[in-house]
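**Q** Dropping a prediction and its sequence here:
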Amino acid sequence: MSDEFRKQRLFSPGPTPIPLQFQMAALDKNPYHRTQEFYTVFLKCRKLLAKVMYSKQLPLILSSSGTGALESAVVNLTDESDQVVVINGGKFGQRWKQLCEAYGCNVNEIRVPWGEAPSPSDLVSALNSVDNVKAVFFQSLETSTGVALPVKELAKTVKDHSDALVIVDAVSAFGSEMIKMDDWGLDALVSGSQKGLGLPPGLSFINLSEKARMRLTKRSKFYFDLTRELKGQDDGRSAFTPATHLVLMLERSLSYITETGFDEINRKHQAVAEAVRESLKQMGLTLFAEKSPACGLTSVLLPSNVDGGILLRELAEKRRMVFAGGQDDYKGRLLRFAHMGYFDLDDIVAGLIALQEELQKLGHENAGVSVAQVFWRSYRARSL
Ligand SMILES: Cc1ncc(COP(=O)(O)O)c(C=O)c1O
């Protein structure tokens, strides 16, 4: 059969599978963004996003990848020479650091070994080491390692020890991890369309607390001027042409999430994550983020005799299954198995079986357990 007709299964932590129902929401439409009809949809999306963020404030919708919204946070909430703290436990912690440095902030970095979560005590030391920290930046899910950071505890620590803004990158966490923006005292929450929401890349979101709104700086030069966006988006008008079709799809995805109830969606992600972890352990693999695993992504260390590059290639070419590998020092040594957004349980089982078989072909003997059985037993026990 030609590859064109073989189903591709995406287990990468973004982009994730896009349900046909979401694609259909835009398929026969030609929206014009300067109409009342479009403003209404845009505003509805902002309200639904706020619900999933557990926030009274309406998030801004930007047309960019997630990094655009990260950059908008840095440029609108810091000034040159500000002291900031960045928690860096992987590629995306590194990205906060690069962005803050690019905009001339003094970065006080907390380095966390890959695969581990930062402790609030490290944060206290960093906050006490310099005066007047303006903002603290970290991830909810560090996608390069699969670590879910203790967002609530970290935010509380910031509030208890400083007046800094708490700025959280939830690009990969939003839609799977539970994040309660207002209750947890987050000042900026950033996300994107191509992960937990099951949409194509192209939209990003940033929600600002009242405190963050009071502290907006004036140094954005043009596109990412959040002060201007806040004014216009109150009526559903974005300053520039938004990714119109994606906004229609967003409305469909968020309606699904809010009609189902995010608690329920989060619970399902947790059950799947636990079942995937159990299955991978039964295959003799070592969980990489064992102490603080995410519910949308599982990372495992590969056996030393297996080349991760070859494994990923075999899975992609022979089975049309796309997993993500490790980055930097973990290139070839890690496998990242995403189960965020609109995954299908039978696809996940198929992914586990394929992984087990390809590992065996590459010389990783394991007990020959039925991973399908392990998965279903664990999932059913959790989701009763
Ligand atoms: C945690 C996290 N932050 C930021 C980004 C960057 O998002 P984008 O690639 O959409 O710019 C990603 C993308 O994988 C991510 O996982």
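**A** Sure, I can see it. Numbering: from 1, shown residues only.
**Q** make it CA atoms for all contacts and neighbour counts henceforth
**A** Will do.
**Q** low-confidence ranges in the stretch 251-384 of the chain?
**A** 367-368, 384 (pLDDT under 70).
**Q** Helices of that one, start to end?
**A** 262-282, 308-319, 345-361, 371-383 (DSSP state H, counting those that start in this stretch).
**Q** Pick the most buried one from the ones you listed.
**A** Among the helices of the stretch 251-384 of the chain, the stretch with the highest mean neighbour count (mean count of other CA atoms under 10 Å) is helix 262-282, at a mean of 21.
**Q** Tell me how many other residues crowd the residue lying closest to residue 132 once chain neighbours are set aside.
**A** Among residues not flanking residue 132 along the chain, residue 83 sits closest, at 6.8 Å (CA to CA, 6 or more residues apart in numbering). By the criterion of other CA atoms under 10 Å, residue 83 has 22 neighbours.
**Q** Tell me which residues touch residue 83, please.
**A** By CA atoms under 8 Å, 6 or more residues apart in numbering, the contact list for residue 83 reads 105-108, 130-135.
**Q** How about residue 223?
**A** Applying CA under 8 Å, 6+ apart, no residues qualify as near residue 223.
**Q** rewinding a little: of the contacts of residue 83, grab the buried ones for PyMOL.
**A** Buried residues within the contacts of residue 83, by 16 or more other CA atoms under 10 Å, are selected in PyMOL with:
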select buried, resi 105+106+107+108+133+134+135
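**Q** In terms of distance to residue 141, which of the contacts of residue 83 ranks first?
**A** Proximity of the contacts of residue 83 to residue 141 (CA to CA) peaks at residue 135, which lies at 18.7 Å.
**Q** how close does the residue nearest in space to the middle of the chain sit to residue 341?
**A** Nearest to the geometric centre of the chain sits residue 172, at 0.7 Å (CA atoms, centre = their mean). According to CA to CA, to the nearest Å, residue 172 and residue 341 sit 10 Å apart.
**Q** How about residue 30?
**A** From residue 30 to residue 341 the distance is 26 Å (CA to CA).
**Q** These two: who's more crowded?
**A** For residue 30 versus residue 341, neighbours defined as other CA under 10 Å are more numerous around residue 341 (30 against 9).
**Q** so the more buried one sits right up against residue 195, yeah?
**A** Yes. Assessed by CA atoms under 8 Å, residue 341 is found in contact with residue 195 at 6.3 Å.
**Q** Identify the contacts common to those two.
**A** Joint contacts of residue 341 and residue 195 (CA under 8 Å, 6+ apart) are 16, 175.
**Q** May I have stretch 202-212 exported as PDB, CA atoms only?
**A** What follows is the C-alpha trace of stretch 202-212 in PDB, where atoms were taken according to Å, rounded to 0.1, in the frame of the first residue of the first chain:
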ATOM      1  CA  GLY A 202      -0.300  28.800  14.500                       C
ATOM      2  CA  LEU A 203      -2.100  30.200  17.500                       C
ATOM      3  CA  SER A 204      -0.700  31.100  20.800                       C
ATOM      4  CA  PHE A 205      -2.300  32.400  24.000                       C
ATOM      5  CA  ILE A 206      -1.300  34.600  26.900                       C
ATOM      6  CA  ASN A 207      -3.300  35.300  29.900                       C
ATOM      7  CA  LEU A 208      -2.400  38.100  32.300                       C
ATOM      8  CA  SER A 209      -3.300  38.600  35.900                       C
ATOM      9  CA  GLU A 210      -4.400  42.100  37.100                       C
ATOM     10  CA  LYS A 211      -1.000  42.500  38.600                       C
ATOM     11  CA  ALA A 212       0.700  41.700  35.300                       C
END
